[in-house]
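Novice: please find the sequence and the predicted model below.
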Amino acid sequence: MIFMKNEDVMNLARKRGFLWSSFEIYSGSAGFFDYGPLGATLKNKVMNKWRDYYVVREGFYEIESPTIMPEEALKASGHVDHFNDAMTQCKDCLDVYRADHVIKEATGKEVEGLENQELTEILSAEHIGCPKCGGHLTHVWSYNLMFQTLIGAKGKKTGYMRPETAQGIFIPFKRLLRFFRGKLPFGVVQLGKAYRNEISPRQGMIRLREFTQAEAEIFVDPQDKSHPHFSRVAEELLTLYPASCQEGEEEPIQVTARAAVDDNIVASELLTYQLCLARRFLMELGLSEEVLRFRQHMSTEMAHYAIDCWDVEVYTDRYGWIEVIGIADRTDFDLKSHSEYSKEDLQVFLEYPEPQSVKKLALKANMGKFGPLFKGDAPKILRALEEIDADTIKQSFEEDGVFQLELEGTVNQITDDLIDFQVVEETVRGEKIYPHVIEPSYGIDRIVYSVLLHSYTQEEDRTYFKLPAEVAPVEVNIFPLVNREELVSVALQILDDLRKEGIIAEKDTSGTIGRRYARSDEIGVPFAVTVDHQSLEDDTVTIRERDSQEQVRIDVDDLPETLQLLLCGKKGFKEFKTGK
RNA sequence: GCGGCUGUAGUCUAGUCUGGUUAGGACUUGGGCCUUCCAAGCCUACGACCCGGGUUCAAAUCCCGGCAGCCGCACCA
């Protein structure tokens, strides 16, 4: 397999200002990393590339929502209940369990929501032991994967740091829908921090307590999960690891995107298109085919609301295959749930191509009897009846002569003399539906880590990050061949000129030229410009390419334009070398 | 969360067992000299005992607690 070594990479990253663990002078805190001067630029460039993919090329829009969210919002999303578990551990076999599950299993009692103290007391009072080995259980503690805080001066309102950015897109859905003028499909993205208070984050950049996500929520018609540009990606070859292969412990398979859809390996064109996009994105960041694969979630690990979910995984020496992107069909779960909790209608009106004429049974209340009978409750009851399918009521009358309407705890007897039916013809222009959501969710920190890991290159006499120019934190280094005033002043002038052109340039005058090339390579600077004695005579300089270590000589005046072409990849270094 | 091991400049490390002078070295980095193309050499400077408490005349060294790292178990909707 391709050479890489977590430890060497992290050492170099720390030494040269890419990444280090945070709060070091206060002895650190696990699960937090600083991006240093080079790391922050690298990360920003990765995020900007992501924006180029999803905002510019896919035409989605970016929004930004708060990282602190009030409790209600996260109740609706299910995070409050799912992230807050009471735990207990067996002192003998060390297995950890959810305390409420253990108690329910042993006694049949439903104890969800009790305090830890109470659960601990139940465990000891009922002499409940470890379900596996019968051993003694520890006191109950809870871990909450969300960071909790209090909102406001009086601190009455509970808030949480968001555990994912996605919810910030679902919550203002009505406003977004209006922005997109009510039409599906549309996509909204958000890049930002998310927080999870991991129990024991000992996996470096892989499991962080504060991390950066880039998520797109693509709202689509549930009946139409095709993609208009699918043909553009249809022939791409994907390494898929479907759930069925994992169960049978078989190897991943290689199929084209088209075959993945046609053979029903991936649930839809939309989802497959996103897989292809993710693959292209990672490959342009320098990750090669053989360290990438798409792993389908097993039915047991898939969130209960998802139809299909694929992890884009990158191979690492230290952690094995790690998820860097999750691509899921979240269906209508989130919007439905927020509708329920907020009482806001988060549906979309889908207009039919042609208005349809529908004959339908409608009920007409005999208000002369209805009103006096139910008095003040009459309007409420009538409204409730109109919500119910008229055929159901009619059928009930035919069978029992009466329909029982339960409303706010009381059962109202609706007798058939109160209601008349009539067939009406209605024109229906469309229907209200909850859109489905396709969600690619990128873990930016893991991607940055993967890029560093796989760009790390060791050759006989040098070690360097072979970063693509697009994400290199320093794009060009300017060197005077030796540290002499007349060469240095030319170098400084070039530095200034390149910076004016928007190129991220740096200079280095100390030590020998070889040492400076080495330092420059180490942090992945793709090109170096050297000012030598000939420069003083004919206004030319050399450009050295990091990867090949070869040089070409060009006029100083052509330098900015040439570097721009090289950096954006419109022209290769070889072409300049041979083109002259 | 549990158990084991570990913690000396940016990095690697000597010293810790057996408490005692100014904590030594190498690399890196800054400044200078030299140097006309890939980490050369010379001079020079900066830089450390994880934090807190205890024992002692005296603690990097012994003891306790905390924090962090590594390994194993567990956890990771």
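Specialist: Everything's here; your move.
Novice: closest residue of the stretch 301-450 of chain A to RNA strand B?
Specialist: A:Ala303 (5.1 Å; C-beta to the nearest atom of the strand). (Each C-beta comes from the backbone N, C-alpha and C, glycine too.)
Novice: pLDDT score for A:Glu351?
Specialist: Per-residue pLDDT puts A:Glu351 at 85.
Novice: contact partners for the residue of the stretch 301-450 of chain A closest to RNA strand B?
Specialist: Contacts for A:Ala303 (C-beta atoms under 8 Å, 6 or more residues apart in numbering) come out as A:309, A:328, A:330.
Novice: hey, where'd the helices end up in the stretch 301-450 of chain A?
Specialist: All helices of the stretch 301-450 of chain A, identified by DSSP state H, counting those that start in this stretch, fall at A:333-342, A:367-374, A:378-387, A:390-400, A:444-455.
Novice: which residues of the stretch 401-550 of chain A lie near RNA strand B?
Specialist: Within the stretch 401-550 of chain A, the positions adjacent to RNA strand B are A:461-463, A:481-484, A:510-515, A:517-519, A:521-522, A:530, A:532-533, A:542, A:544, A:549-550 by C-beta under 7 Å from any atom of the strand.
Novice: ok, A:Ile414 - how many residues close by?
Specialist: Residues lying near A:Ile414 (other C-beta atoms under 10 Å) number 23.
Novice: what bridges to it?
Specialist: Beta-bridge partners recorded for A:Ile414 (DSSP bridges): A:Phe403.
Novice: can you pull the contacts of it?
Specialist: Contacts of A:Ile414 by C-beta under 8 Å, 6+ apart are A:381, A:385, A:393, A:402-405.
Novice: max pairwise distance over the residues you listed: which two?
Specialist: The distance between the two most remote of the contacts of A:Ile414 (C-beta to C-beta) is 14.0 Å, for A:Ile381 and A:Val402.
Novice: which one's more surrounded, those two?
Specialist: Shown here are A:Ile381 and A:Val402; by other C-beta under 10 Å, A:Ile381 has more neighbours (18 against 14).
Novice: wait, isn't that one in contact with A:Asn412?
Specialist: Yes. Between A:Ile381 and A:Asn412 there is a contact at 5.8 Å, judged by C-beta atoms under 8 Å.
Novice: common neighbours of those two, please.
Specialist: A:374, A:405.
Novice: now the closest residue to A:His454 other than its chain neighbours: how far from RNA strand B?
Specialist: Spatial nearest neighbour of A:His454, excluding adjacent residues (C-beta to C-beta, 6 or more residues apart in numbering): A:Leu287 at 5.4 Å. Using C-beta to the nearest atom of the strand, to the nearest Å, we find A:Leu287 at a distance of 22 Å from RNA strand B.
Novice: give me the pLDDT value at the residue of chain A found nearest RNA strand B.
Specialist: Here the residue of chain A nearest RNA strand B is A:Gly514; by C-beta to the nearest atom of the strand that distance is 2.2 Å. Model confidence at A:Gly514, given as pLDDT, is 94.
Novice: what number of residues lie near A:Arg462?
Specialist: 14.
Novice: same question, A:Ala378
Specialist: A:Ala378, neighbours per other C-beta under 10 Å, totals 15.
Novice: thought A:Val46 was touching A:Val448, still the case?
Specialist: Yes. With contact defined as C-beta under 8 Å, A:Val448 counts as touching A:Val46 (5.8 Å).
Novice: which one's more surrounded, those two?
Specialist: Using other C-beta under 10 Å as the criterion, A:Val448 and A:Val46 rank with A:Val448 on top: 26 against 22.
Novice: which SS class is the residue nearest to A:His454?
Specialist: Taken by DSSP: H, G, I helix; E, B strand; the rest coil, the conformation at A:Leu287 corresponds to coil.
Novice: pLDDT score for it?
Specialist: The predicted local confidence for A:Leu287 is 96.
Novice: who touches it in this structure?
Specialist: By C-beta under 8 Å, 6+ apart, the neighbours of A:Leu287 are A:314, A:450-451, A:454.
Novice: make it 10 Å
Specialist: Each residue near A:Leu287 by C-beta atoms under 10 Å, 6 or more residues apart in numbering is listed here: A:2, A:279, A:281, A:312, A:314-315, A:324, A:447, A:450-451, A:453-455.
Novice: swap in A:Ile325?
Specialist: Counted by C-beta under 10 Å, 6+ apart, A:Ile325 has contacts A:214-215, A:274-275, A:277-279, A:281-282, A:294, A:310-314, A:440-444, A:446-447.
Novice: at 6 Å what do you get?
Specialist: Counting by C-beta atoms under 6 Å, 6 or more residues apart in numbering, A:Ile325 makes contact with A:278, A:312, A:442.
Novice: what's the pLDDT at the closest residue in space to A:Glu235 that isn't next to it in sequence?
Specialist: Among residues not flanking A:Glu235 along the chain, A:Thr256 sits closest, at 5.6 Å (C-beta to C-beta, 6+ apart). Listed pLDDT for A:Thr256 reads 97.
Novice: separation between A:Thr256 and A:Asn264?
Specialist: Per C-beta to C-beta, to the nearest Å, A:Thr256 is found 14 Å from A:Asn264.
Novice: compare these two (neighbour count), which wins?
Specialist: A:Thr256 (16 against 8).
Novice: need the phi and psi values for the more buried one.
Specialist: Dihedral angles of A:Thr256 (phi, psi; degrees, to the nearest 10) stand at phi -80, psi 160.
Novice: show me what it is bridged to.
Specialist: Going by DSSP bridges, A:Thr256 forms beta bridges with A:Leu237.
Novice: got it, and A:Leu361?
Specialist: A:Val423.
Novice: residues in contact with it?
Specialist: A:390-391, A:421, A:423.
Novice: mind redoing it with 10 Å?
Specialist: A:389-394, A:421-424.
Novice: columns pLDDT on top of those residues, output as a markdown table?
Specialist: As requested, the contacts of A:Leu361 are exported to a markdown table (pLDDT from 0 to 100):
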| residue | pLDDT |
| --- | --- |
| A:Asp389 | 76 |
| A:Ala390 | 75 |
| A:Asp391 | 78 |
| A:Thr392 | 80 |
| A:Ile393 | 79 |
| A:Lys394 | 80 |
| A:Phe421 | 78 |
| A:Gln422 | 73 |
| A:Val423 | 78 |
| A:Val424 | 74 |
